[in-house]
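> The sequence and its predicted three-dimensional model are supplied below.
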Amino acid sequence: MLKEVVHRSHHLWQCFPRHLHCHDWSPVNSKARSRSGRGSVSWRKPLFCMASYHRDVVLATNAVRLASRLCQTVQRGLLTQETQTKSDKSPVTVADYGSQALVNWSLAREFPPGTFSMVAEEGSEDLRTEAGAPMLERITQLVNDAIASDAALDVAPLSKEDVLEAIDWGNSEGGSNGRHWVLDPIDGTRGFVRGDQYAIALGLLDNGKVVAGVLGCPNLPMGSIANGIPANSSEPVGCLFVASLGAGTTVEPLDGSGEPKRVHVSDVEDTAIATFCESYESAHTMQDLTANIAGTLGVKAPPVRIDSQAKYGAMARGDAVIYLRFPHFGYREKIWDHAAGAIVITEAGGEVFDAAGEPLDFSRGRWLDLDTGIIATNKELKPVVLSAVQKCVKDLKIPAKH
Ligand SMILES: Nc1ncnc2c1ncn2[C@@H]1O[C@H](COP(=O)(O)O)[C@@H](OP(=O)(O)O)[C@H]1O
Ligand SMILES: [Mg+2]
């Protein structure tokens, strides 16, 4: 049935008003129907021109919002039986699979057959076993509930087979040619399970370069988290960061209740008043090393520790000046953990680079092949941060290219 849905809806991409100039229109998350009567795209005057990736940004934004609703439902009612262990021992929930199925389904139906390529984190193997059957049942229900909650999505419910198939559309190898979407359906699964920060992170590669990125951060306050996440704050929560090549980065409420606002990385040039952020999980970064780097730079404030690419979003609006990530020996970074976040930073005027000072290379397939670590900061601080990183890494005697 899913194939049928996808096939029937392929005309949507042709109906899209490509003739509308980017100066005139921008996306809005609305219940209004597209010209076909089945899409969820509507239009309003833009804040910023989104160049040639305008349509992709609209589709990505709708997909991330749809998946965010599923994730929020699951996090609210998280039950222990909704968590299982993948072979790599990281927790994976029904929401990871459900979010991936929804984003893939939502995007694939908008492109002509054979032109949709997605590099995504999850695969359906475990769900196809007898032990995975109850989980698949629950995921299918969650996916259909999310679709039914969107009045613009007038489609028949998906079957379990449809859901498995949609999850597996994420098995592309990516690479340096053509267009590839990149998805982390729940980045920061550990934060998600803990009830903390997580992100739905969707990027688009065009010939190996990230050209668009959308970060849905359902638990991130709209206000600054420079001093940490406030407990019991009345601040609205839930941010959507959107970036595309040459169009800047915006933030808006994830629930669509406000307008997008342009953001910029911090312009702090004095490291003594700079703040830095890093992973909450000490297993994901060498916090001793980052403390050393911060000390070398004269950073006084304690690190802001939060899960997921919400860090990139927070940095893009100036909540932190530096992001330091140094996985323990032997860990290989994947592209879906950084693609959307990297363009959210660079379009906000910042830089993302490795310990050799090189930008991240997303053109080599599912993995990032980089020198030690990932660092983000503003252009002014890059030289001094890089020099402190290189000194501290050398002192630590980390083997190159781990
Ligand atoms: N040992 C490790 N070192 C570094 N990163 C790791 C890791 N184990 C898992 N990760 C990655 O760290 C991501 C979370 O990032 P952060 O630490 O910034 O919250 C995880 O994303 P998932 O939750 O999507 O699996 C996973 O890809
Ligand atoms: Mg991740």
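Looks like it came in fine. Ligands and ions are numbered 1, 2, ... in the order given.
> Could you confirm whether the lengthiest helix in the chain reaches ligand 1?
If you go by DSSP state H, the chain has its longest helix at helix 54-76. No. Helix 54-76 is not in contact with ligand 1 by Cβ under 6 Å from any ligand atom; minimum separation 12.0 Å. Where C-beta positions appear, they are placed from N, C-alpha and C, glycine not excepted.
> Could I get the buried residue list for that helix?
Within helix 54-76, the residues that count as buried by 16 or more other Cβ atoms under 10 Å are 54-75.
> and it, C-alpha only, in CSV?
Only the C-alpha atoms of helix 54-76 are listed here, as CSV (Å, rounded to 0.1, in the frame of the first residue of the first chain):
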residue,chain,number,x,y,z
HIS,A,54,13.5,26.6,-0.8
ARG,A,55,11.2,23.7,-1.6
ASP,A,56,13.4,21.2,0.2
VAL,A,57,13.4,23.4,3.3
VAL,A,58,9.6,23.5,3.2
LEU,A,59,9.4,19.7,2.9
ALA,A,60,12.1,19.1,5.5
THR,A,61,10.4,21.4,8.0
ASN,A,62,7.0,19.7,7.6
ALA,A,63,8.7,16.2,8.0
VAL,A,64,10.6,17.2,11.1
ARG,A,65,7.5,18.7,12.7
LEU,A,66,5.5,15.6,12.0
ALA,A,67,8.2,13.4,13.5
SER,A,68,8.6,15.7,16.5
ARG,A,69,5.0,15.2,17.4
LEU,A,70,5.5,11.4,17.5
CYS,A,71,8.6,11.8,19.6
GLN,A,72,6.9,14.1,22.1
THR,A,73,4.0,11.6,22.5
VAL,A,74,6.5,8.8,23.2
GLN,A,75,8.7,10.8,25.5
ARG,A,76,5.7,11.8,27.5
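> relative orientation of the host helix or strand of Asn104 and helix 54-76 in degrees?
In this structure, Asn104 is located in helix 94-108 according to DSSP states H and E. Angle between the axes of helix 94-108 and helix 54-76 is 160 degrees (criterion: axes from the mean of the first three to the mean of the last three Cα atoms, to 10 degrees).
> Helix 94-108 close to ligand 1?
No. Contact between helix 94-108 and ligand 1 is absent, the nearest approach being 7.5 Å (criterion: Cβ under 6 Å from any ligand atom).
> residues contacting Ile343?
Ile343 sits next to Gly203, Val210, Val211, Ala212, Gly213, Ala243, Ser244, Leu245, Thr249 when contact means Cβ atoms under 8 Å, 6 or more residues apart in numbering.
> now with 10 Å?
203-204, 209-215, 241-245, 249, 312, 316, 352, 362 (Cβ atoms under 10 Å, 6 or more residues apart in numbering).
> May I ask which helix or strand encompasses it?
helix 339-346.
> what about that helix and ligand 2, any contact?
No. Remark: helix 339-346 sits outside contact range of ligand 2, by Cβ under 5 Å from the ion, the gap being at least 9.9 Å.
> next one: the following helix or strand past that helix to chain centre, how far?
Note on helix 339-346: by DSSP H and E, the next helix or strand toward the C-terminus is strand 350-353. In terms of Cα atoms, centre = their mean, to the nearest Å, the centre of strand 350-353 is found 16 Å from the chain centre.
> elements contacting strand 350-353?
helix 310-316, strand 322-325, helix 339-346, strand 374-378, helix 382-396 (3 or more Cβ pairs under 10 Å, 6 or more residues apart in numbering; DSSP states H and E).
> Which single residue in this protein comes nearest to ligand 2?
In the chain, the residue that lies nearest ligand 2 is Asp187 (3.6 Å; Cβ to the ion).
> what's the closest residue to Ala301 other than its chain neighbours in contact with, if anything?
Nearest residue to Ala301 in three dimensions, chain neighbours excluded: Thr275, at 4.7 Å (Cβ to Cβ, 6 or more residues apart in numbering). Thr275 sits next to 225-227, 266, 268, 294, 299-304, 315, 318-322 when contact means Cβ under 10 Å, 6+ apart.
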